[in-house]
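K.L.:
Whatever this is, show me its structure:
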Amino acid sequence: QVQLVESGGGLVHPGGSLRLSCAASGSIFSTCVMAWLRQAPEKPRELVITFTWTGGIEIANSVRGRFTISRDSAKNTVYLQMNNLKSEGTAVYYCSASGPQCRDNYWGQGTQVTVSS
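P.N.:
Okay, the predicted model is just below:
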């Protein structure tokens with residue numbers, strides 16, 4: 001059973017930066033597509049950014065130019081770099097692993113990001 005553990009959340013002022021990490025318990029990058037999603041209070045979960053199966057990256061328009069995704073295969077870790085954070089970025093951020101060749105759809109427990117002055 002693969003486990004995903006997010007870390008790096010916290011309180012940040014508007015305009016600030018945070019880097020979230022998602023550590024996987026196994027080597028899944030070759031079979032699963034890694035993504036970051038978020039859920040703000042009383043709103044549905046939404047996709048923030050994801051690797052695609054063909055090696056590209058898809059990103060939500062609301063964070064384009066400010067958020068990036070990267071991975072370190074040696075550490076089985078995916079990162080979400082968030083710059084110039086805005087108050088609407090306040091949410092619980094989740095890491096996920098999924099895809100047709102992924103054994104299952106995996107989710108982390110989430111990490112809270114609060115953007116406030």
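
K.L.:
So for this protein, the centremost residue is which one?
P.N.:
Trp36 (2.6 Å; C-alpha atoms, centre = their mean).

K.L.:
would you list every one of the strands in this structure?
P.N.:
4-7, 10-12, 18-24, 33-39, 46-51, 57-59, 67-72, 77-82, 91-98, 106-107, 111-115 (DSSP state E).

K.L.:
quick one: contacts of the fifth one?
P.N.:
With contact meaning C-beta atoms under 8 Å, 6 or more residues apart in numbering, strand 46-51 is reached by 33-39, 57-60, 63, 67-69, 71, 80, 93. All C-beta spots, glycine's among them, are computed from the backbone N, C-alpha and C.

K.L.:
still on that earlier bit, mind giving me TSV with the strands of the chain and columns for mean pLDDT?
P.N.:
Formatted as TSV, the strands of the chain follow (pLDDT from 0 to 100):
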stretch	mean pLDDT
strand 4-7	96
strand 10-12	98
strand 18-24	97
strand 33-39	97
strand 46-51	96
strand 57-59	96
strand 67-72	96
strand 77-82	98
strand 91-98	97
strand 106-107	96
strand 111-115	98
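
K.L.:
returning to that earlier point: contacting residues around the residue nearest to the centre of the chain?
P.N.:
20, 22, 47-50, 69, 78, 80, 93-96.

K.L.:
tell me the contacts of Val78?
P.N.:
Contacts of Val78 (C-beta under 8 Å, 6+ apart): Ser21, Cys22, Ala24, Met34, Trp36, Ile69, Ser70, Arg71, Cys95.
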